[in-house]
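Q: below are the sequence and a predicted model; questions follow.
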Amino acid sequence: MPINYYIVLALALFSIGIVGVLTRRNAIIVFMCIELMLNSVNLLLVAFSKMQAAKNAAVTVAGTDGQLFVFFIMVVAAAEVSVGLAIIVMMYRNIHSVDINFLNRLKH
Amino acid sequence: MNMQLLLIPLLPLIGFLLNGLLRNYLSKGVIGLIGSGSILGSFILSILAFMQVRSGAIVTAEYFEFIKIAGLRIPFAFQVDQLTSIFLLVITGVGFLIHVYSTSYMHEEKPHHFARYFAYLNLFVFSMLLLVMGSNFVIMFIGWEGVGLCSYLLIGFWFKKEDYTKAASKAFIMNRIGDLAFLIALFILINKLGTVTFSEIFTTEALAKLSAFDITIITTLLFVGATGKSAQIPLYTWLPDAMAGPTPVSALIHAATMVTAGIYMIARSNLMYSMAPGTLNCIAIIGIATALLAASIALKQNDIKKVLAYSTVSQLGYMFLALGTGSYVAAVFHVMTHAFFKALLFLGSGSVIHAMGGEQDMRKMGGLSKYMKITNITFLLGCLAIAGIPGFSGFFSKDEILAGAFATSPILYALGLFGALLTAFYMFRLYATTFKGSFRGTHEQEHHLHESPAAITIPLIVLAILSVIGGFIGVPEFIMEGAHSLKDYLHPVFEQSYAILPAHHVAHSTEWALTGVSSLLIIIMVVLAWSRYSKKPDMEEAKGFGKLLQDKWYVDEIYQSVVVKPLNALGAFFNNIFEKNIVDGLVNGVGRLVNYGGRQLRWLQSGQTGAYILMMVIGVLIVFALQFFLRK
């Protein structure tokens, strides 16, 4: 499969993520959209690493760098999700809402 | 280190510091002693210096490097030659007498004001000594500025009266105008010759490097400086107003010393002036014009000090006439004799004012000879000297000036003689109105009339003696061959100029005739004035031409409307419109802009997470776009 397909898919996912973050007010959906962006990047990394391996046949442990990165990102994202969800839970407990516009009082 | 020379100006400086700093602790006796004693010390040292240079040697002393910048070296050095020594003797000698006089005249002041007065007086003498002793133009300029400052301080001594402080400011500003020209001349000299030291400039070789145009420019600018300091047209109006100061100050500053600074400077630069005949003509014309203008004004003044003030301006005009006609010796001679008789006249008028309880209007005096014998006689001698009655000091110096003028142009001589006649007339109008006739003041004043104490009369007597005999050091050649000892003494100073200036020779018989005619006319004028004013003074209001003279040709008014008012209007414009709208507007505008910008940018910090993210995305997009377009 040509690399272009992967790039277009990743771009689409990333854009959906951004639009979601920008337009939605529900904190959980915003959160999900962030995950979506992370994953689009992961997809891109995997795709590029595969492409690299296909080009350089001589390299035996082909494309492991990109895949390693992906693992790291997934681990960090998991940790981030746990913290983020915890914050959202606490937020709901305090103000009975997960609307992010409701939480603009930090400026004061 | 030549301590002897250094001490001459240092003693008055020490006196200034002691009196100035300890003014609240010293008694009047001690203050007077410090003030007069320091000048007496300088006088004695000046006599020693005079003895040293008599043989023809020039004493120089360098103390430290004052300014040293690439190529230009200005040492702090003194140079005493024949010319300087004459001025030293006049300054410290007459200065000492005036200090002694002041101890009595100013005795009614509070002790700290008394000390302030003597401190200023000493500082003045210090500046004047620096001016005449400096071996280069920069040291001279320090003294030049110093005397300007001191005259400001002393004219405004009674600073509680607003008129007096205005007169002080006027003197200072007028002087500053001249000083600026002096300074520019100095810069041109440095630029063209790279030195300001007299001994390096005033040689024929050094001056040969300058073009005739340069010399004319430099000499003219220096002369403008001299018109400021020596009260010549157009900058003379400060001197009559300077009479606001205490009378001894008028005697010291505005008669005997400060105003002669310009004459000293030109006499010092005589070689340069001799090489600029155009400037010399200009000096002669300005000099004679000033002499006549001031003499005409003096005819109709009723304030005793004003008459003397205009007479000073007029006599200074004569000195410039002498300089302009190349008779430098006559100018220095007249400086000296004028210092004697004008100091005498001012101090005498001070004695009169003292006796009259502060009254200065001659119309309210009269008949004072009965009450003040010593003042009367000394004042009369002073008048005879200034009028130029044969035998008195003024006769010799004025005659020499007129002879020099005749040699250059008979017109100058005729005008000069006319001025001398005016001088004789107004001086005897002054004398007759004040001392003759009957007393016209109040009974209270008449009761109060008394001869002044010894501290006042002794300086008067000494000065009177000098005014009478002072002329005999310069007996003209046509009367007695080789009797002009001043001319011989000053010969080394003006030697180089004599070689350049065209030699005028007037036959002895002509000189006899001129002197005879002028003396006769002067005596007639004296008799005329005496008979006209000794019985009945000038009481009626002046009309027509007399009014014009009494109002000083309206020169002050002209200056007021031509210079002062436009400048004030300009100042008001800058203050009210430029300052308030443009300068303040700029400053406030910057503040307002920052304030406004801050208020506008505040909306970015909305606290909306979405807005932040949107901006972040837009920022990233911009960075990408830039990358894309700039990288190609």
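A: That came through, no problem.

Q: give me the below-cutoff pLDDT ranges for chain A.
A: Residue ranges of chain A with pLDDT under 70: A:57-63, A:103-108.

Q: kindly apply the preceding question to chain B instead.
A: Across chain B, the ranges flagged by pLDDT under 70 are B:1, B:538-540, B:632.

Q: for chain A, what's the nearest residue on it?
A: B:G607 (3.6 Å; C-beta to the nearest C-beta). Any C-beta I mention is one placed from the backbone N, CA and C, and that applies to glycine too.

Q: let's verify that residue: helix, strand, or coil?
A: Three-state assignment for B:G607 (DSSP: H, G, I helix; E, B strand; the rest coil): coil.

Q: for it, grab phi and psi.
A: With angles defined as degrees, to the nearest 10, B:G607 sits at phi 90, psi -10.

Q: counting neighbours, what do you get for it?
A: Around B:G607 there are 13 other residues, counting by other C-beta atoms under 10 Å in any protein chain shown.

Q: how far out from the middle of the chain is the helix or strand encompassing B:V329?
A: In this structure, B:V329 is located in helix B:328-355 according to DSSP states H and E. Helix B:328-355 has its average C-alpha position 14 Å from the chain's average C-alpha position, going by C-alpha atoms, centre = their mean, to the nearest Å.

Q: also stretch B:378-394?
A: On the basis of C-alpha atoms, centre = their mean, stretch B:378-394 is displaced by 23 Å from the centre of the chain it belongs to.

Q: buried residues in that stretch?
A: The neighbour-count criterion (16 or more other C-beta atoms under 10 Å in any protein chain shown) identifies B:378-390, B:392-394 as the buried residues of stretch B:378-394.

Q: filter those by proximity to chain A?
A: Checked against chain A using C-beta under 8 Å from any C-beta of the partner chain, those give no members in range.

Q: helices and strands around the helix or strand harbouring A:N94, which ones?
A: Secondary structure here is read from DSSP H and E; on that basis A:N94 sits in helix A:64-95. Taking 3 or more C-beta pairs under 8 Å, 6 or more residues apart in numbering or on different chains; DSSP states H and E as the contact definition, the neighbouring helices and strands of helix A:64-95 are helix A:27-55.

Q: ok, residues contacting stretch B:18-28?
A: Residues lying outside stretch B:18-28 but in contact with it, judged by C-beta atoms under 8 Å, 6 or more residues apart in numbering or on different chains, are B:31, B:34-35, B:103, B:107, B:111-112, B:114-116, B:118-119, B:122-123.

Q: now do the contacts for A:N26.
A: Contact partners of A:N26, counting by C-beta under 8 Å, 6+ apart, are A:V98, A:D99, A:I100.

Q: partners of it in the sheet?
A: A:N26 has the following beta-bridge partners by DSSP bridges: A:D99.

Q: same for the helix holding B:V329, what does it pack against?
A: Contacts defined by 3+ C-beta pairs under 8 Å, 6+ apart place helix B:328-355 against helix B:82-105, helix B:247-251, helix B:261-268, helix B:304-324, helix B:373-387, helix B:393-408, helix B:454-469, helix B:485-500.

Q: between it and helix B:454-469, how many degrees?
A: 150 degrees (axes from the mean of the first three to the mean of the last three C-alpha atoms, to 10 degrees).

Q: which residue, other than its chain neighbours, is closest to B:L417?
A: Spatial nearest neighbour of B:L417, chain neighbours left out: B:S518 (5.4 Å); criterion: C-beta to C-beta, 6 or more residues apart in numbering or on different chains.

Q: the one you found: what's it in contact with?
A: Applying C-beta under 8 Å, 6+ apart, we find B:S518 in contact with B:G388, B:D399, B:L402, B:L417, B:A420.

Q: surely the last one is in a helix?
A: Yes: following the definition three-state DSSP, B:A420 is counted among the residues of a helix.

Q: run a quick neighbour tally on it.
A: The local packing count at B:A420 equals 28, with neighbours defined by other C-beta under 10 Å.

Q: now A:L43
A: Other residues lying near A:L43 total 17 when counted by other C-beta under 10 Å.

Q: which ones are touching B:H450?
A: With contact taken as C-beta under 8 Å, 6+ apart, B:H450 is in contact with B:A355, B:Y371, B:M372.

Q: over to it. Which of the three states is it?
A: Secondary structure assignment for B:H450 (three-state DSSP): coil.

Q: do B:E109 as well
A: At B:E109 the chain is in coil, as set by three-state DSSP.

Q: contacting residues for it?
A: Contacts of B:E109 were listed using C-beta under 8 Å, 6+ apart, and they are B:Y117.

Q: distance-wise, check it relative to B:L222.
A: When C-beta to C-beta, to the nearest Å is applied, the distance between B:E109 and B:L222 equals 38 Å.

Q: what sits closest to the most centrally placed residue in chain A if chain neighbours are left out?
A: For chain A, the residue nearest the mean C-alpha position is A:L38 (1.6 Å; C-alpha atoms, centre = their mean). Counting by C-beta to C-beta, 6+ apart, A:L38 lies nearest to A:A77, which is 5.2 Å off, once chain neighbours are set aside.

Q: so that neighbour makes contact with A:E35?
A: Yes: contact criterion C-beta atoms under 8 Å: A:A77 and A:E35 qualify, at 6.7 Å.

Q: residues making contact with the single longest strand found in chain B?
A: For chain B, the strand with the greatest residue count under DSSP state E is strand B:59-69. The contact list for strand B:59-69, computed with C-beta under 8 Å, 6+ apart, reads B:1-2, B:5-6, B:49, B:52-53, B:73-81, B:135, B:138-139, B:199.

Q: 7 Å instead?
A: B:1-2, B:5-6, B:49, B:52-53, B:74-80, B:135, B:138 (C-beta atoms under 7 Å, 6 or more residues apart in numbering or on different chains).

Q: stretch B:135-145 too?
A: Counting by C-beta under 7 Å, 6+ apart, stretch B:135-145 makes contact with B:60, B:66, B:74, B:76-79, B:127-128, B:130-131, B:134, B:179, B:182, B:186, B:189, B:196-198, B:229, B:261, B:265, all of which sit outside it.

Q: report the backbone C-alpha coordinates of that stretch in CSV.
A: Taking only C-alpha atoms (Å, rounded to 0.1, in the frame of the first residue of the first chain), the coordinates of stretch B:135-145 have been written out as CSV:
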residue,chain,number,x,y,z
SER,B,135,49.3,82.9,30.1
ASN,B,136,46.7,81.6,27.7
PHE,B,137,43.2,82.5,26.5
VAL,B,138,41.6,79.7,28.5
ILE,B,139,42.9,80.8,31.8
MET,B,140,41.9,84.3,30.8
PHE,B,141,38.4,83.0,29.9
ILE,B,142,38.1,81.5,33.3
GLY,B,143,38.7,84.9,34.9
TRP,B,144,36.6,86.5,32.2
GLU,B,145,33.6,84.3,33.3
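
Q: show me which positions of that stretch end up buried.
A: When burial is assessed from 16+ other C-beta under 10 Å, stretch B:135-145 yields the following buried residues: B:S135, B:N136, B:F137, B:V138, B:I139, B:M140, B:F141, B:G143, B:W144, B:E145.

Q: looking at those, which are in helices?
A: Secondary structure defined by DSSP state H assigns B:F137, B:V138, B:I139, B:M140, B:F141, B:G143, B:W144, B:E145 of these to helices.

Q: ok, which pair from the residues you listed is furthest apart?
A: Greatest spacing in those, by C-beta to C-beta: B:F137 and B:E145 (12.3 Å).

Q: hang on, the earlier thing: export the contacts of A:N26 to a markdown table and tack on neighbour count?
A: Supplementary listing: the contacts of A:N26 in a markdown table, determined by neighbours: other C-beta atoms under 10 Å in any protein chain shown:
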| residue | neighbour count |
| --- | --- |
| A:V98 | 18 |
| A:D99 | 14 |
| A:I100 | 21 |
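
Q: turn those into CSV, including distance to B:F494.
A: Listed next are the contacts of A:N26 as CSV, based on distance: C-beta to C-beta, whole Å:
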residue, distance to B:F494
A:V98, 108
A:D99, 105
A:I100, 101
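
Q: interface residues of chain B facing chain A?
A: If contacts are counted using C-beta under 7 Å from any C-beta of the partner chain, the residues of chain B sitting beside chain A are B:Q605, B:G607, B:Q608, B:T609, B:G610, B:I613, B:L614, B:V617.

Q: having no further points to raise, I will conclude here.
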